[in-house]
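K.L.:
Build me a model from this:
(chains A and B)
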Amino acid sequence: MSATLATPSPGGSGRLTLRLLMLGAVLLLAVLPALNRLPADSALHVSDFIVSVSGKWITYAILALAIDLAWGYAGILSLGHGAFFALGGYAIGMHLMRLIGPRGVYGHPTLPDFMVFLGYKELPWYWLGFDHFPFAILMAMAVPGLLAAVVGYLAFRSRITGVYFSIITQAMTYALMLAFFRNDMGFGGNNGFTDFKELLGMPLNTPTARSALFYASLALLVLSYAICSRITQSKLGRVLVAIRDAESRVRFLGYDVTQHKLFVFVLSAVLAGLAGALYVPQVGIINPGEFSPGNSIEAVIWVAVGGRGTLVGALLGAFSVNALKTWLTTVAPDLWLFALGGLFVAVTLFLPRGLIGLVSKVTK
Amino acid sequence: MSDGISPPLGTPKEAAPVLYLDGVSVVFDGFRALNNLSLIVGAGELRAIIGPNGAGKTTMMDVITGKTRPTEGVVRFRDHDLTRLDEATIANLGIGRKFQKPTMFDALTVFENLELALKAPRGPLACLRWALSGEARRRIEAVLEEVGLTARAQDRAAILSHGQRQWLEIGMLLMQDPELLLVDEPVAGMTDQETEHTAALLVRIAGKRSVVVVEHDLEFVRALGSKVTVLCEGSMLSEGSIDHVQNDPRVIEVYLGR
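P.N.:
Below is the predicted model:
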């Protein structure tokens, strides 16, 4: 994107206020599972719904951070980040399916139900190893990372930028969606994976598992934010901003732009994959619909609404747009897509720097 | 300096040219943007290049910096064949370029722009670990002083005046510590006073480094007091002092006389 954005981070006292606010938000989130354990008639009781929906939003916020790092700083607008998120989700989903073991409907000792149903005699080779949790987590990072490395290398080396790159990533997620819909891919086809039983010895759908997954997501969010802000505040962050605003000028300064873009794009895909791996056990299902291009576009809208190139804006956007979505899809489900589209147009026209831009305008 | 001189390989180092172009042609869809151009720039030399629009001045810069591949000809920087290298590698060999239109990074401060240009490891991990040393800070401050932007160090580049942007570009060139600077139209749109200031700056820089300046403004070229090469239709038309070329009948016909 060639539009000039403001200097990424506010200075001095602004930054301190921001940090305090964020610390407050993290602490507020951190007590939610504890409040959930209070008796239901207590004034401070928080419902199961709030805890599980917040846990889900936290994983969305990590996806938004990943998109902001690539788009807001390096100008790489990916309209296929939902694919990395979904691949991470499928990796943990495969682990969860293996853990069901003989408890499936068909009672087969190793094969998941859908494989028995489709006439598989043994596990496909690419399902091996997924009975181990660390392997599944490794794959939740490695598969999105490798895909991003290949797509990114080919595109960045050929100097494909801007909207052309966005179209390629959009095609990537669409192609994966079609592939995962196929039964003979060995990923459950249309139905994907569901009916998970347990993770790391914890039965899912219990308060313990809910709060454990919630805290794991929160920890990953804090870690991702720390990694992203370490990058954006370093000289690497300034190189990325320079690439975003004047890519060829950076080349004439002697920087290998392909390397820098690849670094940030792969890291972003890995974070998205991990977010997906925490999302799936919390929602209890993963199917090819997660690859739908609309999902990726929606995630980009969170970042645009919050304010790109700020990191905090991505978090703010992910939480606020999803809160709006949860509310509106309950009150008037048919209106949601119009509201989302309208929101994107309105933000582009009236709030080019997003909610963060609005906040800093008001405080001045 | 005319066509046909072989590269002086066996000569002492001081006399070896920094930049050597021989028989360079660039053809775009049958149009010869450069036509058998030859040019030699010595170490520490300041050279002005003038010529009417479309003479091939910017294409020549593109060929030297790896942006455009020549259709034929030799382009050498010291011992390196530039026709095989990409922009980043050429920049790291020691060739810095200032574009006609100043392009710096508007979202960053003047100081940060110079910091990015400062010669240092360029990889992503090296940039992530980079910490500004006292030595680096002194080098940046020295360049800020040199181009007269010390007071603007913490301002965003976006709010600089046109002249200041040109100086920041030159400052960014200096940070790369290049052996050869290519400066495209440094004084376009500058006031007279800014033009004088820029001429003095470029004269100061040359000597330590070779500087090639492309410019339309003949008063400015005169102030540089350097050897002048006149390009026309992709070839060299005339070469010599400013007085020599201004009195060359061929130059008068195609360029000055209009």
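
K.L.:
Would you pull up the residue in the stretch 51-200 of chain A closest to chain B?
P.N.:
Of all residues in the stretch 51-200 of chain A, the one sitting closest to chain B is residue A:73 (10.0 Å; C-beta to the nearest C-beta). For the C-beta atoms, the positions are set from N, CA and C on the backbone; glycine is no exception.

K.L.:
Name the nearest residue to that residue, sequence neighbours excluded.
P.N.:
Among residues not flanking residue A:73 along the chain, residue A:240 sits closest, at 4.4 Å (C-beta to C-beta, 6 or more residues apart in numbering or on different chains).

K.L.:
what's the spacing between the residue nearest the centre of chain A and residue A:348?
P.N.:
By C-alpha atoms, centre = their mean, the mean C-alpha position of chain A lies nearest to residue A:63, the distance being 2.3 Å. Separation of residue A:63 from residue A:348 (C-beta to C-beta, to the nearest Å) stands at 21 Å.

K.L.:
just residue A:246 next, same as before
P.N.:
22 Å.

K.L.:
And those two? Which one has more around it.
P.N.:
Taking other C-beta atoms under 10 Å in any protein chain shown, residue A:246 and residue A:348 do not tie; residue A:246 has more neighbours (21 against 13).

K.L.:
Nearest residue to that one in space, please, no chain neighbours.
P.N.:
Residue A:246's closest residue in space is residue B:103 (C-beta to C-beta, 6+ apart), at 5.1 Å.

K.L.:
what about the residue nearest to residue A:73, helix or strand, and which?
P.N.:
Taking DSSP states H and E as the definition, residue A:240 sits inside helix A:235-252.

K.L.:
I'd like to know the average pLDDT value across that helix.
P.N.:
Here helix A:235-252 scores 92 as its mean pLDDT.

K.L.:
how about the helix or strand just after that helix, does it reach chain B?
P.N.:
Counting by DSSP H and E, the element after helix A:235-252 in chain order, helix or strand, is helix A:257-283. Yes. Using C-beta under 8 Å from any C-beta of the partner chain, helix A:257-283 reaches chain B at A:257, A:259, A:260, A:263, A:264.

K.L.:
So what's the residue count around the last one?
P.N.:
When you say that, I think you mean residue A:264. Using other C-beta under 10 Å, residue A:264 has 28 neighbouring residues.

K.L.:
coming back round to it: list the buried ones in the helix holding residue A:240?
P.N.:
The neighbour-count criterion (16 or more other C-beta atoms under 10 Å in any protein chain shown) identifies A:235-247, A:249-252 as the buried residues of helix A:235-252.

K.L.:
Make sure I have this right: residue B:36 is in a strand.
P.N.:
Yes. Under DSSP: H, G, I helix; E, B strand; the rest coil, residue B:36 sits within a strand.

K.L.:
and it, how many neighbours does it have?
P.N.:
What residue B:36 shows, counting by other C-beta under 10 Å, is a neighbour count of 15.

K.L.:
and chain B, which of its residues are near chain A?
P.N.:
Contact residues (C-beta under 8 Å from any C-beta) of chain B with chain A: B:65, B:67, B:86-89, B:91-92, B:96-97, B:99, B:103-109, B:112, B:115-117, B:122-125, B:127-130, B:156, B:158, B:172, B:176.

K.L.:
ok, now which ones touch the residue of the stretch 51-200 of chain A closest to chain B?
P.N.:
A:8, A:231, A:232, A:237, A:240, A:241, A:244, A:264, A:309 (C-beta atoms under 8 Å, 6 or more residues apart in numbering or on different chains).

K.L.:
For the closest residue to residue A:199 other than its chain neighbours, grab the count of nearby residues.
P.N.:
Closest residue to residue A:199 apart from its sequence neighbours, by C-beta to C-beta, 6+ apart: residue A:281 at 5.3 Å. Neighbour count of residue A:281, defined by other C-beta under 10 Å: 27.

K.L.:
Could you double-check that residue A:281 lies in contact with residue A:99?
P.N.:
No. Residue A:281 is beyond contact range of residue A:99, at 10.6 Å (criterion: C-beta atoms under 8 Å).

K.L.:
Next, the contact list for residue 108, please.
P.N.:
You didn't pick a chain, so chain A it is. With contact set as C-beta under 8 Å, 6+ apart, residue A:108 has these partners: A:102, A:115, A:116.

K.L.:
think we crossed wires, I meant chain B
P.N.:
A:7, A:238, A:241, A:242, B:116, B:156, B:157.

K.L.:
Does the residue nearest to the third one when sequence neighbours are not counted fall in a helix, a strand, or a coil region?
P.N.:
Closest residue in space to residue A:241, ignoring its immediate chain neighbours: residue B:107 at 5.2 Å, by C-beta to C-beta, 6+ apart. Secondary structure state of residue B:107, per three-state DSSP, is coil.

K.L.:
how close does residue B:107 get to residue B:29?
P.N.:
Separation of residue B:107 from residue B:29 (C-beta to C-beta): 37 Å.

K.L.:
Have a look at the two and say which one is more surrounded.
P.N.:
residue B:107 (22 against 4).
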